[in-house]
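Undergrad: Sequence first, predicted model second:
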Amino acid sequence: MGLKNQVLLLTQMKAMFGVGIMGVDAKMQEKNDWTCFVCDGETTPYFSKDFDGRVGLGIADYFRCKNCGLVFSKTHLEMTQEEWEFINMRYHWFFGHMENADDPQWRKRLYIQARTIAKLADDGILSKDLPWIDYGCGDGKLTYNLSKRNLTALKFDRYLSLGLDGYLAEEDLLVGGYDVVINTSVFEHVRTIEVLDEIAGLVSENGALALHVMVREEIPQDPDWDYLLPAHCTFFTNKSMRILFERWGFQSSIYHPVSRMWFWFKQNNEAVETLANSSNKYYFKRGFVDYWK
């Protein structure tokens, strides 16, 4: 069954759960030149991958930015909003369950990430003056793990909340209203700069962005690269991340390899640098920590 027919299932699910078609991704505009949405650089065809019908996908064509190295799937960016939501909802069937064959360690990683976030909060590195939010929280396992450590993070997910209780609605999001914005495994699913700007724009003037995303010095020109999954459409290089870091006005960052998380800070904080210098667990930089070379 083709993707356009399969989205009928999405329509039925929306009717069942009361979820409307909405979101910043709906602002997608047709592009002919396919400039990079991070740096406006020229892009060229990079490779294609045949998903052989998985979650309705056939051949996806990937482009690469000649300036910052960002790689994105033109095929995914050309999808309608309904098709894109269907891809995300169908691929993430494992939420609420135990296993994901593409990422068998995901539950363990979320546990480690919650422990890392809690330790930084205990050390006074992450402020708790304003609320926290987990943007793109999926089924909320990370927020649950944080709650076990007496930390509360509000939940928001544009595609996967399915009208469940306890999730913020789109209109509830507060620009600059959160001291910590947690964002794990979301950037790979983003199709527009507007969504990235929305995420960063939630961080308060003294806040931090806690970020988990795959970053490479160069994205492999390899259709068999194991990170090319049906719901992944954008792949970031160190240079593209540095451009975003500076675009959003962050000042310093640390990277924690065990949890595979960055923490980007709006203000330079001597405590952050002191923590990194006194421990071999963190890597610090006044700027973006380009850990993965």
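TA: Thanks, I have the structure now.
Undergrad: And the average pLDDT for the helix or strand where residue 194 lies is what?
TA: If you go by DSSP states H and E, residue 194 is part of helix 193-201. Averaging pLDDT along helix 193-201 yields 98.
Undergrad: For that helix, output the C-alpha coordinates as PDB.
TA: What follows is helix 193-201, C-alpha atoms only, in PDB (Å, rounded to 0.1, in the frame of the first residue of the first chain):
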ATOM      1  CA  ILE A 193      14.700  26.100  10.300                       C
ATOM      2  CA  GLU A 194      11.500  27.400  11.800                       C
ATOM      3  CA  VAL A 195      11.200  24.300  14.000                       C
ATOM      4  CA  LEU A 196      14.800  24.500  15.100                       C
ATOM      5  CA  ASP A 197      14.300  28.200  15.900                       C
ATOM      6  CA  GLU A 198      11.200  27.300  17.900                       C
ATOM      7  CA  ILE A 199      13.100  24.800  20.000                       C
ATOM      8  CA  ALA A 200      16.000  27.200  20.800                       C
ATOM      9  CA  GLY A 201      13.600  30.100  21.300                       C
END
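Undergrad: Scan this protein for its longest strand.
TA: Criterion DSSP state E: the longest strand present in the chain is strand 203-212.
Undergrad: mind listing what's buried in that one?
TA: Residues of strand 203-212 classed as buried by neighbour count (16 or more other C-beta atoms under 10 Å): 203-204, 207-212. Every residue, glycine included, has its C-beta placed from N, CA and C.
Undergrad: try stretch 52-61
TA: Buried residues in stretch 52-61 (16+ other C-beta under 10 Å): 55-57, 60-61.
Undergrad: Give me the subset of these lying in strands.
TA: Using DSSP E, the buried residues of stretch 52-61 in strands are 60-61.
Undergrad: For residue 253, state which of the buried residues of stretch 52-61 is nearest.
TA: Within these, the smallest distance to residue 253 is 31.5 Å, found for residue 60 (C-beta to C-beta).
Undergrad: pretty sure the closest one contacts residue 52?
TA: No. Assessed by C-beta atoms under 8 Å, residue 60 is found out of contact with residue 52, at 11.0 Å.
Undergrad: angle of whatever helix or strand residue 241 lives in against strand 203-212?
TA: Per DSSP H and E: residue 241 is located in helix 238-247. If you take axes from the mean of the first three to the mean of the last three C-alpha atoms, to 10 degrees, helix 238-247 sits at 160 degrees to strand 203-212.
Undergrad: Please, where are all the strands along this protein?
TA: All strands of the chain, identified by DSSP E, fall at 43-50, 59-65, 71-73, 132-135, 154-156, 178-184, 203-212, 215-216, 234-237, 252-256, 261-265, 283-285.
Undergrad: Let's have those strands in CSV, adding distance to residue 272.
TA: As requested, the strands of the chain are exported to CSV (distance: least, C-beta to C-beta, whole Å):
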stretch, distance to residue 272
strand 43-50, 35
strand 59-65, 31
strand 71-73, 31
strand 132-135, 17
strand 154-156, 24
strand 178-184, 13
strand 203-212, 9
strand 215-216, 20
strand 234-237, 23
strand 252-256, 6
strand 261-265, 6
strand 283-285, 7
